[in-house]
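# here is a sequence with its predicted model. Questions after.
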Amino acid sequence: QKEVEQNSGPLSVPEGAIASLNCTYSDRGSQSFFWYRQYSGKSPELIMFIYSNGDKEDGRFTAQLNKASQYVSLLIRDSQPSDSATYLCAVRTTGTASKLTFGTGTRLQVTL
Amino acid sequence: SAVISQKPSRDICQRGTSLTIQCQVDSQVTMMFWYRQQPGQSLTLIATANQGSEATYESGFVIDKFPISRPNLTFSTLTVSNMSPEDSSIYLCSVEGSETQYFGPGTRLLVL
């Protein structure tokens, strides 16, 4: 069983719609959760992090965490073509010396 | 977040040779990480490099194949030794920031 799972996509949404990206993780000891965006040919860049159950909003992005269900999601409102990228979910477990475990990523395509 | 640079940005190498990748950070950091991202795949942690101690390698990666140096708090190198075409990948260094890891631009390696 993979430690961090994501649907590889591609997830296609029209411009202006809400994109919903999902991630599940297997280790209940996981404490911190991160979403990175990676454009083709570029390195990952941090979008958001979340530690507590519930929602965390930053501009058009909302991260949602449900530790009981071992589920974290990223919502992108008013999707733009510039949001087209691969979104990587990463999880950190306490006691692993800051090690991050990455999912395989979901490719998002925002269509005109 | 720290500014991270890597050299070279890309290279084409012959099998059996070795390549050393440099990672420079503009501020002192305790922990540096080396990742591999094979085509179409997510990030896989190779090793964690702490200044003044031996690097800690993840399962499936060994020091003879991927020797790492960490001479000071702003610099690290990763060597890919005795390369084969299977080593063709993007190699990324990252550093631990205030909340999570931040990535360098990556080194694109093609082994013929």
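Thanks, I have it. It should be emphasised that the depicted structure is a prediction, and the values quoted were computed from it without experimental measurement.
# now do the contacts for the nearest residue to A:L11 once chain neighbours are set aside.
Using C-beta to C-beta, 6 or more residues apart in numbering or on different chains and skipping the chain neighbours, the partner closest in space to A:L11 is A:L108 (5.1 Å). Where you see a C-beta, it was placed from the backbone N, CA and C, and this is true even at glycine. Contact analysis of A:L108 by C-beta atoms under 8 Å, 6 or more residues apart in numbering or on different chains lists A:9-13, A:19, A:21, A:76, A:79, A:83-87.
# can we see that at 6 Å?
The neighbours of A:L108, taking C-beta atoms under 6 Å, 6 or more residues apart in numbering or on different chains as the test, are A:11, A:19, A:84.
# do I have it right that A:A17 meets A:D78?
No. With contacts counted by C-beta atoms under 6 Å, A:A17 stays clear of A:D78, the gap being 8.1 Å.
# could you look up the SS state of the closest residue to A:G9 other than its chain neighbours?
Leaving out its chain neighbours, the residue that sits closest to A:G9 by C-beta to C-beta, 6+ apart is A:R107, at 4.1 Å. Following DSSP: H, G, I helix; E, B strand; the rest coil, A:R107 is assigned to strand.
# for chain B, what lies in contact range of chain A?
Contact residues, chain B versus chain A (C-beta under 6 Å from any C-beta of the partner chain): B:31, B:42-43, B:92, B:96, B:99-101, B:103, B:105-106.
# please spell out the ChimeraX selection for the buried subset of the residues you listed.
Buried subset of the residues of chain B next to chain A, written as a ChimeraX selection, criterion 16 or more other C-beta atoms under 10 Å in any protein chain shown:
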select /B:31,42,43,92,96,100,101,103,105,106
